[in-house]
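**Student:** here is my input, please return the structure:
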Amino acid sequence: MGDLRIRPAEMPRDLPDVQQLCWDYRDHLLSCGPEMQQLVEAFYPEDVYTALMDALPVKHARPYGTILLAELNGAAVGCGMYHPLNKQDAEIKRVFVAEAARGTGAGQKLSQALIDQARADGYRRILLDTNKTFAPARGLYEKLGFENRGPYSALPPGTAEYLTFYELTL
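**Tutor:** Alright, predicted model coming up:
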């Protein structure tokens with residue numbers, strides 16, 4: 001299986017790996033069919049996503065958020081991050097594991113490390129959303145103790161029906 005390691009991304013050194021994984025995540029979402037393509041375009045059209053990738057070290061990194069990398073045998077194969085919604089709530093974003101590393105436990109380890117870091121940072125709750133059709137992701141979040149809830153922020157029209165929303169009290 002190899003040596004799987006989860007670690008904080010170091011900026012600016014790891015930024016290219018994180019950005020590439022995030023673009024791979026977006027490409028993966030776009031490959032999941034027309035409904036997912038509509039969601040991606042509603043939330044992250046290419047120009048908006050490009051700006052977000054440039055802002056990752058500010059929006060998601062320390063001191064208020066975190067960006068984690070999963071490495072398998074020294075190669076970056078996954079990422080996950082959170083950012084503050086307010087002083088008590090953090091939102092997990094872009095948990096992604098490259099196809100070659102799926103089944104290694106990287107997704108679960110990334111998610112647990114994000115939970116642990118948010119707790120250590122003093123957040124009281126973590127929120128996230130995922131696509132209703134992503135049964136493995138939903139199963140993982142539920143296994144980690146996340147509970148279903150309604151939307152926690154404003155959404156583009158016609159998108160809520162495709163998403164499942166979760167929260168975890170820390």
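**Student:** now do the helices in this protein.
**Tutor:** 15-30, 34-43, 46-59, 106-120, 135-143 (DSSP state H).
**Student:** so which elements touch the fourth one?
**Tutor:** Helices and strands touching helix 106-120, as assessed by 3 or more Cβ pairs under 8 Å, 6 or more residues apart in numbering; DSSP states H and E, comprise strand 4-8, strand 66-72, strand 75-84, strand 89-97, strand 125-131, helix 135-143. In this view, the C-beta of every residue, glycine as well, is placed from N, C-alpha and C.
**Student:** His60: which of those is closest?
**Tutor:** For these, the distance to His60 is smallest for strand 75-84, at 4.3 Å, taking Cβ to Cβ.
**Student:** what about Glu99, how many residues close to it?
**Tutor:** Neighbourhood size, Glu99 [other Cβ atoms under 10 Å]: 9.
**Student:** before we move on, what about Thr159?
**Tutor:** 15.
**Student:** please tell me I have it right and it contacts Leu39.
**Tutor:** Yes - using Cβ atoms under 8 Å, Thr159 is in contact with Leu39, at 5.8 Å.
**Student:** now the helices and strands packed on helix 106-120 in TSV, with distance to Tyr166 and mean pLDDT?
**Tutor:** Output for the helices and strands packed on helix 106-120, formatted as TSV (distance: least, Cβ to Cβ, whole Å; pLDDT from 0 to 100):
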stretch	distance to Tyr166	mean pLDDT
strand 4-8	20	97
strand 66-72	18	97
strand 75-84	13	98
strand 89-97	9	97
strand 125-131	5	97
helix 135-143	5	96
